[in-house]
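1. The sequence isn't on hand, but the structure is:
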């Protein structure tokens with residue numbers, strides 16, 4: 001079990017540590033699990049927790065933190081299960097969770113009450129689409145994720161959401177993925193979250209490794225010093241990665257950890 005002073009001790013040591021990867025920033029869906037509705041392997045979470053316990057004591061082993069589009073409570077639970085003591089990114093970079101302090105913070109650029117604008121955007125979307133076209137993933141405060149219903153495709157849903165927000169004059173950004181549609185405030189993505197995290201820790205992004213599988217992850221993978229990907233990653237992600245695992249999803253992630261250990265001289 002990590003202790004409340006692990007973060008402060010890690011930050012102080014990282015500032016004077018020799019060159020090398022200090023932090024592994026990992027996506028969740030498509031990396032640690034198969035995504036929505038898919039189970040986690042208990043052994044993976046046990047391995048991550050043991051890894052982070054070791055990283056809290058020995059800076060040769062980079063600590064693992066999470067970087068996800070998922071809502072804050074989901075990320076907080078996984079941070080507990082995987083022993084994260086460094087801050088983790090939720091809602092595509094809109095916010096940072098500090099696990100040991102149990103503190104949730106939104107990016108300062110979003111203002112004092114960013115959930116108000118997101119709630120207004122949700123009302124516009126729901127009024128335009130009606131109840132039978134899509135449903136909104138519960139639990140997010142600043143961003144929205146919509147999943148199509150019936151015969152509606154993600155592309156059709158994305159076009160309808162974009163049209164509704166254009167009519168309303170909203171500046172929110174709409175992106176379509178394999179399963180649904182993401183709606184985010186302008187300037188918010190995993191890359192902006194990674195920059196914010198780097199500033200908060202005082203550790204440059206070239207000391208980060210990143211693990212991702214989808215195009216959304218490119219915004220932070222293109223910033224970090226050592227981008228990696230599991231075998232199931234999209235082609236654009238694989239071409240960006242400096243190391244691509246042979247295994248998919250969680251098996252690929254464990255392979256990436258072994259690879260990073262070898263780079264750090266642990267193996």
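-> Everything's here; your move. None of the values given here were measured: they were computed from a predicted structure.
2. how many other residues sit next to the residue lying closest to residue 264 once chain neighbours are set aside?
-> Nearest non-adjacent residue to residue 264, counting by Cβ to Cβ, 6 or more residues apart in numbering: residue 60, 5.1 Å away. Where C-beta positions appear, they are placed from N, C-alpha and C, glycine not excepted. Applying other Cβ atoms under 10 Å, we find 16 residues neighbouring residue 60.
3. cool, and residue 256?
-> 24.
4. what residues are up against it?
-> By Cβ atoms under 8 Å, 6 or more residues apart in numbering, residue 256 lies in contact with 24, 209, 211, 228, 230, 243, 245.
5. Would you confirm that the last one contacts residue 255?
-> Yes - taking Cβ atoms under 8 Å as the contact criterion, residue 245 and residue 255 are neighbours in contact, 4.1 Å apart.
6. Between those two, point out the one with more neighbours.
-> Legend: neighbour count by other Cβ under 10 Å for residue 245 and residue 255, higher for residue 245 (23 against 19).
7. pLDDT wise, what is the more buried one at?
-> pLDDT recorded at residue 245 is 98.
8. Please point out which parts of the helix or strand where residue 126 lies sit buried.
-> For residue 126, the element it lies in under DSSP states H and E is helix 114-129. Of all the residues in helix 114-129, those buried under the rule 16 or more other Cβ atoms under 10 Å are 114, 117, 118, 121, 122, 124, 125, 126, 129.
9. Please read off the pLDDT at the residue with the largest distance to the centre of the chain from the model.
-> The C-alpha centroid of the chain is most remote from residue 167, which lies 30.4 Å away (Cα atoms, centre = their mean). Residue 167 carries a pLDDT score of 96 in this model.
10. swap in residue 10?
-> Residue 10 is given a pLDDT of 81.
11. so what does whatever helix or strand it lives in touch, helix or strand wise?
-> Assigned by DSSP H and E, residue 10 falls within helix 6-14. Counting contacts by 3 or more Cβ pairs under 8 Å, 6 or more residues apart in numbering; DSSP states H and E, helix 6-14 packs against helix 42-57.
12. Would you mind getting the angle between the helix it packs on and helix 6-14?
-> 60 degrees (axes from the mean of the first three to the mean of the last three Cα atoms, to 10 degrees).
13. List the buried residues in the lowest-mean-pLDDT helix or strand in the chain.
-> Lowest on mean pLDDT, DSSP states H and E among the helices and strands of the chain sits helix 6-14, with a mean of 79. Neighbour counts over helix 6-14 (16+ other Cβ under 10 Å) mark 6, 7, 10, 14 as buried.
14. ok, so of the residues you listed, who is nearest residue 185?
-> residue 7 (27.6 Å; Cβ to Cβ).
15. ok, that closest one - contacts?
-> Residue 7 sits next to 85, 86, 87, 98, 100, 101 when contact means Cβ under 8 Å, 6+ apart.
16. What is the burial count for the nearest residue to residue 48 once chain neighbours are set aside?
-> Once flanking residues are discounted, residue 48 sits nearest to residue 82: 3.8 Å by Cβ to Cβ, 6+ apart. For residue 82, the neighbour count with other Cβ under 10 Å is 25.
17. Then residue 101?
-> Quick note: residue 101 (other Cβ under 10 Å) scores 11 neighbours.
18. Quick check: it is in a strand.
-> No - Residue 101: not assigned to a strand; according to DSSP: H, G, I helix; E, B strand; the rest coil it is coil.
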